[in-house]
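A.B. asks: quick one: sequence plus predicted model below, questions after.
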Amino acid sequence: VAHERTHTDERPFVCKYPNCGKAFRARNALAYHQKALHESGVVLRCDVEGCRFTTRKSEALATHKLRHQQRAAAKVWKQQKKGEVQA
């Protein structure tokens, strides 16, 4: 049953914490989410506008922010490359 959910994207295990509502395919993934995000320590949030990433690990936040920087750099590179082709 659990494997079938990977094909249907069914997510029957929903987080009950206020204003969360995140859903998971497996009960253990929900348990991990609740323990990691709702039941211990300080929550760190990404400060990029429109991003909803949260974590309790500073290393995970640093890695996540690096992805934003990489995407921004790739976007600039593509725009510059496009400008070279049109010129």
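C.D. replies: Thanks, I have it. Numbering: from 1, shown residues only.

A.B. asks: check which residues of the lengthiest helix in the chain are buried.
C.D. replies: Longest helix in the chain by number of residues, with DSSP state H as the criterion: helix 58-86. By 16 or more other Cβ atoms under 10 Å, the buried positions in helix 58-86 come out as 61, 64. Heads up, the C-betas are built off the backbone N, CA and C, glycines and all.

A.B. asks: let's have the chain start at 57 instead
C.D. replies: Sure thing, new numbering starts at 57, so read that last one as helix 114-142.

A.B. asks: from the chain's centre, how far out does it sit?
C.D. replies: 17 Å (Cα atoms, centre = their mean, to the nearest Å).

A.B. asks: name the nearest residue to the most centrally placed residue in the chain, ignoring sequence neighbours.
C.D. replies: Centroid-nearest residue in the chain, with Cα atoms, centre = their mean: Phe109, separated by 4.9 Å. Spatially, and ignoring its direct neighbours in sequence, Phe109 is nearest to Cys102 (4.1 Å; Cβ to Cβ, 6 or more residues apart in numbering).

A.B. asks: which ones are touching that neighbour?
C.D. replies: Residues counted as contacts of Cys102 (Cβ atoms under 8 Å, 6 or more residues apart in numbering) are 108-110, 117, 120-121, 124.

A.B. asks: thinking again about what came up before, who's in contact with the residue nearest to the centre of the chain?
C.D. replies: So Phe109 contacts 101-102, 117, 120 (Cβ under 8 Å, 6+ apart).
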